[in-house]
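[1] Give me a model of this one.
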Amino acid sequence: MISPANLLHKTLAFTQRWPGLLAVLAFISGIASYILIERKESLAQLIALFLLVSWLCLLLDNWLRERIEQRFGVSLSPNVLRFALQMVHQESLFFALPFFLAVTSWQHGQAIFTGLIILCALIAVVDPLYFKKLAPHRTLFVVFHAFALFVVLLIVLPVLLQLTTSQSLATALITAVVLSLPALGALLPKGRWWRVPLLLLLLSALSAGLWQLRSWVPPAALRLTTITLSHDVDYQQRKPGSSIRSLDELTLHRQGLFTFTAVKAPRGLHEQIFHVWRHNGKEVDRIKLEITGGRASGYRAWSRKQNFPANAVGKWQVQVVTESNQLIGLIRFNVTPAVAAPDGQTPTAL
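    Have a look, this model is predicted:
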């Protein structure tokens, strides 16, 4: 019978021999969780809870090292601990990646944020980049560590605690700053006490900057499945009418427009979203809606706008955003001028 100490040694040796396997498994678990959130909520929560436990182990690394040594007689070297840290980074980034890939608006600043996740995930899985390029730069390594924690919390908090997207973003920023330094305390040079407040100040500044650019952070727990502009909505069937992408100014003023959206969210999540109307890049209206998570086809909601400016010709957008102004999705349409008709006749579209 294999002893617990031998089993632990074999497990560590196997993971070190096949470091990329964990990244693949984490990515698969992320895809599975993304699907399970919509179908089997309890299993998705279990995977999310496992991620939190992984980060908790990092926070308790000194205590765990002592317990493992007492219980199994195994002394974990700093190299093993650094490898464990790399595994948690891989696990977190690759787990979160499918969520962000599915909701990112690629013609928006969100592409930069998701691209950064992809870059960090690649660094975490390539040992020469992780250990030789990233790890020696301690300040950069702390920022990398905080970013990985921040990214995974954006997924975990709505799933486990049903926090809204705005609450999750604020909580993740604060938690990433507070918990990053204790977890990396063993990696900081001894005697350089000033590094801790300096790193705390740096992480706080980066968090404040990210909060200002929060519209660039995709709302990973929400996904827009339908967005349609129409002149009417079937209230009983909860379906929009024919889709409109271009109309003349006269028709716009006479009939107005409905914006119909369906947004998927984790079960139990209650969220405020907004339909933001923009004319030639300028916001002209913001309509609040309430959505509830858990519906297989997404929570269907719509708003109607009839009050348009006198000169409505130009390019229009309807953006679907969260309370913290994170973009869920958008739709564009054009308004063309109406042709001036002879006296007594109805104007026609140009």
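
[2] What residues sit buried inside stretch 299-309?
    Using 16 or more other Cβ atoms under 10 Å as the test for burial, stretch 299-309 gives 299, 300, 301, 302, 303, 305, 308. Using the backbone N, CA and C atoms, a C-beta is placed for each residue, glycine as well.

[3] next one: stretch 256-271
    Applying a neighbour-count criterion of 16+ other Cβ under 10 Å, the buried positions in stretch 256-271 are 257-267, 269, 271.

[4] again with stretch 225-241
    By neighbour count, with 16+ other Cβ under 10 Å as the criterion, the buried positions of stretch 225-241 are 227, 228, 229, 230, 231, 233, 240.

[5] if we can go back for a sec, which among the buried residues of stretch 256-271 gets closest to residue 127?
    When these are ranked by distance to residue 127 (Cβ to Cβ), residue 266 comes first, at 35.0 Å.

[6] so where's the stretch 101-250 of the chain shaky on pLDDT?
    Low-confidence regions of the stretch 101-250 of the chain, defined here as pLDDT under 70, cover residues 181-196.

[7] just the strands in this protein please.
    For the chain, the strands defined by DSSP state E occupy 223-230, 233-234, 239-240, 246-248, 257-264, 270-279, 282-292, 299-305, 314-322, 327-336, 338-339, 348-349.

[8] So which residues make contact with the first one?
    By that I understand strand 223-230. Judged by Cβ atoms under 8 Å, 6 or more residues apart in numbering, the contacts made with strand 223-230 from elsewhere in the structure are 102-103, 240-245, 257-265, 297-298, 300, 318, 320, 328-331, 333.

[9] let's see it at 6 Å
    Identification of contacts with strand 223-230 by Cβ atoms under 6 Å, 6 or more residues apart in numbering yields 103, 240-241, 243-244, 257-258, 260-264, 298, 320, 328-329, 331, 333.

[10] Output the below-cut-off pLDDT ranges for the stretch 251-350 of the chain.
    Counting by pLDDT under 70, the stretch 251-350 of the chain contains low-confidence residues at 339-350.

[11] What is the most widely separated pair among the buried residues of stretch 225-241?
    Using Cβ to Cβ, these span at most 15.5 Å, a distance reached by 227 and 231.

[12] burial measure for the nearest residue to residue 146 once chain neighbours are set aside, as a count.
    By the measure of Cβ to Cβ, 6 or more residues apart in numbering, the closest residue to residue 146 outside its immediate chain neighbours is residue 180, 4.1 Å from it. By other Cβ atoms under 10 Å, 24 other residues sit near residue 180.
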